[in-house]
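Colleague: Sharing a sequence plus its predicted fold:
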Amino acid sequence: QVQFVESGGGLVQTGGSLRLSCEVSGLTGNTYKMGWYRQAPGKEREFVAVITQSQFPWYGNSVKGRFTISRDNAKNTVYLQMNSLKPEDTAVYYCAVARESVLFAQQSSVDYWGQGTQVTVSS
């Protein structure tokens with residue numbers, strides 16, 4: 001059974017920073033991409049960032065230049081460093097895992113989802 005432990009969400013002022021962590025256990029067999037989606041109230045879930053097993057990152061347009069994704073393969077943990085936060089970054093952030101062979105930015109390709117962690121940016 002795949003399990004997620006997400007942490008690091010919270011309340012921060014505009015321009016501030018937060019770092020999200022997500023430790024995944026129970027993965028077997030394939031190599032996996034790990035990353036993040038987010039969902040704001042009343043909006044669809046949005047791709048944020050992904051990183052491959054070989055440490056290649058990719059970002060959604062709305063976070064490029066402000067967010068940095070990284071992973072520790074030995075710990076099966078993915079991180080999201082969020083800088084220069086804006087009120088429009090307010091959302092529930094979901095850790096996600098998908099096989100290396102699929103397009104992570106396509107939600108239907110995600111194999112496993114975390115429970116989500118709330119990020120709130122005040123103006």
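Modeller: Done, it's in.

Colleague: what bridges to the residue nearest the centre of the chain?
Modeller: The structure's the chain has its C-alpha centroid closest to residue 36; by Cα atoms, centre = their mean the separation is 2.0 Å. For residue 36, the beta-bridge partners are residue 49, residue 95 (DSSP bridges).

Colleague: Determine the number of other residues adjacent to residue 94.
Modeller: Using other Cβ atoms under 10 Å, residue 94 has 21 other residues around it. Where you see a C-beta, it was placed from the backbone N, CA and C, and this is true even at glycine.

Colleague: and stretch 48-62, which residues are buried?
Modeller: By neighbour count with 16 or more other Cβ atoms under 10 Å, stretch 48-62 contains the buried residues 48-52, 59-60.

Colleague: what sits against the residue nearest to the centre of the chain?
Modeller: 20, 22, 48-50, 69, 78, 80, 93-96 (Cβ atoms under 8 Å, 6 or more residues apart in numbering).

Colleague: which one is residue 68 nearest to, not counting chain neighbours?
Modeller: The spatially closest residue to residue 68, leaving aside those adjacent along the chain, is residue 81, at 4.4 Å (Cβ to Cβ, 6 or more residues apart in numbering).

Colleague: what sits against that neighbour?
Modeller: 17, 19, 67-70.

Colleague: What is the nearest of the residues you listed to residue 118?
Modeller: Distance to residue 118 across the contacts of residue 81 (Cβ to Cβ) is lowest for residue 19, with 14.6 Å.

Colleague: tell me which element that closest one falls in.
Modeller: Per DSSP states H and E, residue 19 falls inside strand 18-25.

Colleague: Which neighbouring elements make contact with that strand?
Modeller: Using 3 or more Cβ pairs under 8 Å, 6 or more residues apart in numbering; DSSP states H and E, the elements in contact with strand 18-25 are strand 3-7, strand 32-39, strand 77-82, strand 91-99, strand 117-122.

Colleague: What helices and strands are in contact with the last one?
Modeller: Spelled out, that is strand 117-122. Strand 117-122 packs on strand 10-13, strand 18-25, strand 91-99, going by 3+ Cβ pairs under 8 Å, 6+ apart.
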